[in-house]
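Q: Make a model of this:
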Amino acid sequence: MSKPYVTKLTSNLKSPDGMPFTVTLAQHTVLVGENEAGKSAIMEALQLAVAGEVFGLAYRPKTTKAGNLLVDLIPADVQEGFVEAEWSDGGKSSWSLERGKRPVFTAHPSAPSSLPLAMLHEVFGGSSNARAELFLTLMGGTTALDQLKKVKSKLKRAREAKRTATAALASLGALSHVSPEELTKAASDYRAAALKEVLASVVPRAEKDPTAARALELLVEASGGKEVFLSAPSPDEALNSLCSKASDHRLSQVGGMMSRARSGAEAQEEELKGTIDRVTHGIYFLLSQDEVAAERASSFLPAGEKLILDCDVEGRKVSIALRREGEDHYALSGSTEARVLAALACALAPQGSLIPLDDRMWSKKSQGKTLKALKEAPHQVVLPTTLPPTAAQAKGWAVLTVERSAGEPLQVTAK
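A: Sure thing, here's the model as predicted:
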């Protein structure tokens, strides 16, 4: 049984006067219209109805569901933007956003996914690791990716701990190392200085009283002899020295702790980087063993064309190529690139997904090939274009004409 798809879409997003427009969709639909006719308004509303998010909005190479960004889709003089969708199985979904509030999204019970072609284009324009992770995600290799995600999270925390320890050490400045023996000596000096001051107050009485003089003599001997008191600094000097050394001693202990923490974080960082390297190698190895994805993608390409998934395990590189007439073409662009990415999207996305294609200024020939190759795709596929397809090219597709005059509401008519 086929998966449900959106059959009717009602929205006021990007509507000049805030009035809603309604679009009746098929499983495979072509939107024909000039630039600025309103095709993007339909595509964005459709993504919100299916997934509650839009890819590529506000020049962001990622999906967006934040209200502070999606608010730009609401007409200027309207307080709330909305999308309502009816599905082929009788189900419904909706999305709405009131200015100053968070979006409200009610998904279809089956919750199909959305894989915009623009997302694939962004990934393939990025790092090879991003391409590898996308392929493995869509191929169901989530165990390796979950492990990689957890290790990367630990690496992030280790680097934060390293930065914290480094900053703490920098704030301490140049530390003076004070040994426990030096600290003990400073404390003894302070005790001697304090006792010297006390004994000095007894001397006048000892000069007059032999008993007091004898008691003073015994106390001096018990405290280490006259040499201790003769070399003792003043109480203020001794106290300042003790406080300074105690502070330096404590700071050197803190510095030691921070230094050990930084060393531990550095060691953990190196260990985690090694783990990431091993897991990443495993991801590339898994991709190198897969032949199903490329074969399935080739089934959504025109006859005579084949998709090549080139995975260099040791070089950590994933590339795609189009094999045509015995030659492999890696430098793809324009409508050819869009055709290849569309085939990949249809091959890798879960059955019943929404596949919003790009308006890539198709050539008439390339667009016709794409429509023919994708008409059996088990997804809801929507292709925006400025070129009306011929009757032969449009076989198996619903063709809608999108028009909008200045200040007028969006007009959508079936061809």
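Q: what's near enough to touch the closest residue in space to Arg339 that isn't next to it in sequence?
A: Of all residues not flanking Arg339 in the chain, Thr370 sits nearest, at 4.9 Å (Cβ to Cβ, 6 or more residues apart in numbering). Placement of C-beta: from N, CA and C, glycine included. Contact analysis of Thr370 by Cβ atoms under 8 Å, 6 or more residues apart in numbering lists 302, 335, 338-339, 342, 362, 383.
Q: and the spatially most central residue of the chain, how far is that from Ala158?
A: The centroid of the chain falls nearest to Lys62 when counting by Cα atoms, centre = their mean (9.3 Å). According to Cβ to Cβ, to the nearest Å, Lys62 and Ala158 sit 26 Å apart.
Q: do Gly18 as well
A: Using Cβ to Cβ, Gly18 is found at 52 Å from Ala158.
Q: So which of these two has more stuff around it?
A: Ranked by neighbour count (other Cβ atoms under 10 Å), Gly18 and Ala158 place Ala158 first, with 20 against 15.
Q: The more buried one: helix or strand, and which one exactly?
A: Using DSSP states H and E, Ala158 maps to helix 142-172.
Q: I'd like the mean pLDDT over that helix, please.
A: Averaging pLDDT along helix 142-172 gives 78.
Q: Would you mind pulling up the elements that the helix or strand hosting Val198 packs against?
A: Under the criterion of DSSP H and E, Val198 resides in helix 180-206. When contacts are defined as 3 or more Cβ pairs under 8 Å, 6 or more residues apart in numbering; DSSP states H and E, helix 180-206 packs onto helix 210-222, helix 226-231, helix 235-289.
Q: sorry, back to before: surely the residue nearest to the centre of the chain touches Phe55?
A: Yes. Taking contacts as Cβ atoms under 8 Å, Lys62 lies within contact range of Phe55: 7.1 Å.
Q: quick one on the thing from earlier: so the residue nearest to Arg339 sits in a helix?
A: Yes. Per DSSP: H, G, I helix; E, B strand; the rest coil, Thr370 lies within a helix segment.
Q: how much space between it and Leu307?
A: 14 Å.
Q: And Ala331, by the same measure?
A: The gap separating Ala331 from Leu307 is 15 Å, by Cβ to Cβ.
Q: Which one's more surrounded, the two?
A: Neighbours were counted for Ala331 and for Leu307 using other Cβ under 10 Å; Leu307 has more, 21 against 8.
Q: so is that one in a helix, a strand, or just coil?
A: Assignment for Leu307 (three-state DSSP): strand.
Q: Correct me if wrong: it contacts Val292.
A: No. Between Leu307 and Val292 there is no contact under Cβ under 8 Å: 11.8 Å.
Q: what about Ala294, how many neighbours?
A: Counted with other Cβ under 10 Å, the neighbours of Ala294 add up to 20.
Q: So it sits against Leu309, correct?
A: Yes. Using Cβ under 8 Å, Ala294 is in contact with Leu309, at 4.2 Å.
Q: can you list the domains in the chain?
A: Per the record, the chain has its domains at 6-130+349-414, 170-272, by automatic domain parsing.
Q: most neighbours per residue, which of those?
A: The highest mean neighbour count among the domains of the chain, using mean count of other Cβ atoms under 10 Å, belongs to domain 6-130+349-414: a mean of 18.
Q: now do the same end-to-end measure for it.
A: The first and final residues of domain 6-130+349-414 sit 16 Å from each other (Cα to Cα, to the nearest Å).
Q: and the gap between Thr63 and Val71?
A: Shown here: Thr63 relative to Val71, a distance of 16 Å by Cβ to Cβ.
Q: which residue ranges form the helices in the stretch 1-150 of the chain?
A: Listed in chain order, the helices of the stretch 1-150 of the chain (DSSP state H, counting those that start in this stretch) span 39-51, 67-70, 117-124, 128-138, 142-172.
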